[in-house]
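Trainee: only geometry, no sequence info:
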């Protein structure tokens with residue numbers, strides 16, 4: 001399909017710079033056979049007893065680092081853990097060379113191990129494991145998306161982290177999870193709606209623009225995910241019992257679909273996925289999708305268009321713009337029913 005089919009005009013004033021407060025005060029657009037304006041706190045009554053929410057429990061690390069190579073300022077955003085080294089996007093990467101040293105503080109540095117064909121670099125840090133993550137906490141910045149035009153601050157350390165965050169590794173938040181609070185989770189529990197976590201470490205590649213004219217020519221970034229055997233069994237049991245699988249976010253959806261067989265059975269998973277979902281994809285494991293509003297021409301808008309239908313999503317986004325919903329990572333949410341229900 002042509003990438004320009006997924007374009008739309010968005011007023012910059014609708015790009016959320018901060019999250020709703022409290023988080024569950026976000027608005028929720030239900031997208032089904034019709035469009036219904038709702039609120040996140042309505043979610044328990046929009047679902048059924050026996051439905052199962054699948055959330056992503058990855059935790060965002062302070063992956064943006066500002067350092068120096070000699071007198072030159074270098075800014076990098078880590079995006080993929082290679083085990084002892086990291087792939088990173090670097091501003092001014094063309095001026096970096098293998099062997100260059102980047103100092104992020106007096107006692108924290110990395111060497112450029114390689115310049116990659118994809119335009120990023122591989123960095124070998126002076127430490128690993130707990131010591132490395134401790135240095136990130138001291139010297140790193142919250143990797144806010146590029147469309148948030150302000151520096152990160154102390155508030156973002158909590159705001160850009162979901163209530164489910166448990167496992168370090170993401171460099172972008174699974175933003176559908178940002179709307180949940182203890183109050184909302186208690187209401188979901190009371191309504192008989194189950195919840196289980198999977199892990200997909202979201203990479204900064206999620207924000208990369210699609211630069212080709214046709215979706216068939218786009219190379220999707222890969223991300224690392226995990227579903228253990230007990231979690232897979234719980235998901236399969238819920239569906240067999242008549243419950244719907246509700247993916248909280250496109251990251252949870254991509255991982256579930258990567259782990260599912262043709263019959264919809266979810267299997268344990270540990271590894272990388274580069275699943276690129278566009279209209280025409282047959283969904284196997286997910287019945288409903290809770291997600292934020294996504295960028296035009298993005299792989300995420302392509303995914304939601306595949307799930308709910310391109311014409312329906314264009315109508316939903318046009319409605320959201322008129323009603324002044326808040327867009328992108330810190331914005332409002334939508335609950336999508338599959339196109340097959342229309």
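Mentor: Now that the structure is in, tell me what you want to look at. Since this is a predicted model, take the numbers as computed values, not measurements. Numbering: from 1, shown residues only.

Trainee: who does the lengthiest strand in the chain touch, helix- and strand-wise?
Mentor: Secondary structure assigned by DSSP state E gives strand 72-81 as the longest strand of the chain. With contacts taken as 3 or more CB pairs under 8 Å, 6 or more residues apart in numbering; DSSP states H and E, strand 72-81 sits against strand 64-69, strand 86-91, strand 121-125. Yep, even glycine has a C-beta here, placed from its N, CA and C like the rest.

Trainee: need the least confident one among those, by mean pLDDT.
Mentor: Note on those: lowest mean pLDDT is at strand 86-91, with a mean of 91.

Trainee: contacting residues around the helix or strand just after that strand?
Mentor: For strand 86-91, the succeeding helix or strand toward the C-terminus, using DSSP states H and E, is strand 101-105. By CB atoms under 8 Å, 6 or more residues apart in numbering, the residues outside strand 101-105 that reach it are 65-69, 74, 76, 109-112, 123, 135, 138-139.

Trainee: try it again with 6 Å
Mentor: 65, 67, 68, 69, 74, 109, 110, 111, 139 (CB atoms under 6 Å, 6 or more residues apart in numbering).

Trainee: Also stretch 230-247?
Mentor: Among residues not part of stretch 230-247, those counted as contacts by CB under 6 Å, 6+ apart are 50-54, 196, 253, 265-268, 286-289.

Trainee: Which residue ranges of the chain form helices?
Mentor: 43-46, 129-139, 154-159, 182-190, 229-240, 250-259, 299-308, 310-322 (DSSP state H).

Trainee: and these as TSV, adding distance to residue 12, mean pLDDT and mean neighbour count?
Mentor: Shown next, in TSV, are the helices of the chain (distance: least, CB to CB, whole Å; pLDDT from 0 to 100; neighbours: other CB atoms under 10 Å):
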stretch	distance to residue 12	mean pLDDT	mean neighbour count
helix 43-46	29	98	18
helix 129-139	31	94	14
helix 154-159	20	96	14
helix 182-190	29	98	14
helix 229-240	39	98	16
helix 250-259	23	98	26
helix 299-308	17	97	24
helix 310-322	12	98	17
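
Trainee: export the ones you listed to CSV and tack on distance to residue 36?
Mentor: Formatted as CSV, the helices of the chain follow (distance: least, CB to CB, whole Å):
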stretch, distance to residue 36
helix 43-46, 9
helix 129-139, 42
helix 154-159, 27
helix 182-190, 18
helix 229-240, 25
helix 250-259, 21
helix 299-308, 14
helix 310-322, 10
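
Trainee: Looking at those helices, spot the one closest to residue 58.
Mentor: Counting by CB to CB, residue 58 lies closest to helix 250-259 out of the helices of the chain; the figure is 7.6 Å.

Trainee: angle of that closest one against helix 229-240?
Mentor: Interaxial angle of helix 250-259 relative to helix 229-240 (axes from the mean of the first three to the mean of the last three CA atoms, to 10 degrees): 90 degrees.
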